[in-house]
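Engineer: The following comprises the amino acid sequence and a computationally predicted model.
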Amino acid sequence: MEVGISRMHFPVTALGPGNRLGVWFQGCSIQCPGCISRDTWEFGTGLVEIELLLAHIAAYADADGLTVSGGEPFDQPEALCRLLKHWREVSSGTVLVFTGFELADVAPWLKANPGLVDALVTGRYRSEVPQTKALRGSDNQRLVLLTDEAMAFAAYDQKADSADRRLDVMFDQDGDAWFAGIPARGAMGRLRRALATSGHAAETSDMRIEQHK
């Protein structure tokens, strides 16, 4: 069985408590306007055998938790199930999953797979809705606490402060930088302008996709 994966990284500190393993699924059927992760929309790329993925994440069993985003994890429900079951087998770390679906949409999956997800951020990103809450790109999105262990995320169910808008910066093998976290509105534009004043050019994945259409 193959699963589409955009990227993995450890440690991620901007998407949940502690030092977390981040897994980003590749492929998204929702495709919210204004999404900053448009490079994760396309299906059929980043395919890896699920057994290789499971073997890889086992190396991070001592992480404080696993954060799964995308893309849309629930577009690959069987792979998501296998990933989270394996994590439960090898780690006591908490599990946070981001989805663009509403809670009612994924409730059947959650009922069929109890205890695999501790906390869930649900709902589409909506650029016309204010952004004031931690772990959310727009305030229509909900932070749903599903288990006793999810109390570790209770502090995020509040208005965001500057610490909640921090970003982890990583570099891939090609030297491209990418960010993990929930940036404040306009943050990427401000970053591009700041770099430009220093003589550096920068583009985000959404700009790159538009240029190559």
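Structural biologist: Everything's here; your move.
Engineer: which element is V144 on?
Structural biologist: When secondary structure is defined using DSSP states H and E, the element that contains V144 is strand 142-145.
Engineer: That strand: how far from the chain's middle?
Structural biologist: 15 Å (CA atoms, centre = their mean, to the nearest Å).
Engineer: Can you point out the buried residues in the next helix or strand after it?
Structural biologist: Where DSSP H and E defines the elements, the next helix or strand beyond strand 142-145 is strand 168-171. The neighbour-count criterion (16 or more other CB atoms under 10 Å) identifies D168 as the buried residues of strand 168-171. The C-beta positions use only the backbone N, C-alpha and C, and glycine is treated the same way.
Engineer: returning to what we had before: so which elements touch the strand holding V144?
Structural biologist: The contact analysis (3 or more CB pairs under 8 Å, 6 or more residues apart in numbering; DSSP states H and E) places strand 142-145 against strand 119-122.
Engineer: which residues of the protein fall in strands?
Structural biologist: With DSSP state E applied, the chain shows strands at 2-12, 20-25, 47-49, 65-69, 94-98, 119-122, 142-145, 168-171, 177-180, listed in chain order.
Engineer: got JSON lines for those, with distance to A112 and mean pLDDT too?
Structural biologist: Formatted as JSON lines, the strands of the chain follow (distance: least, CB to CB, whole Å; pLDDT from 0 to 100):
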{"stretch": "strand 2-12", "distance to A112": "18", "mean pLDDT": "96"}
{"stretch": "strand 20-25", "distance to A112": "19", "mean pLDDT": "98"}
{"stretch": "strand 47-49", "distance to A112": "24", "mean pLDDT": "98"}
{"stretch": "strand 65-69", "distance to A112": "17", "mean pLDDT": "99"}
{"stretch": "strand 94-98", "distance to A112": "15", "mean pLDDT": "99"}
{"stretch": "strand 119-122", "distance to A112": "15", "mean pLDDT": "98"}
{"stretch": "strand 142-145", "distance to A112": "17", "mean pLDDT": "98"}
{"stretch": "strand 168-171", "distance to A112": "32", "mean pLDDT": "72"}
{"stretch": "strand 177-180", "distance to A112": "29", "mean pLDDT": "69"}
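Engineer: Out of these, flag the one nearest T40.
Structural biologist: Minimum separation from T40 across those (CB to CB) falls at strand 2-12, 4.6 Å.
Engineer: Partner strands of that closest one, with direction?
Structural biologist: In its sheet, strand 2-12 lies beside strand 20-25 (antiparallel), strand 47-49 (antiparallel), with partners assigned from DSSP bridges.
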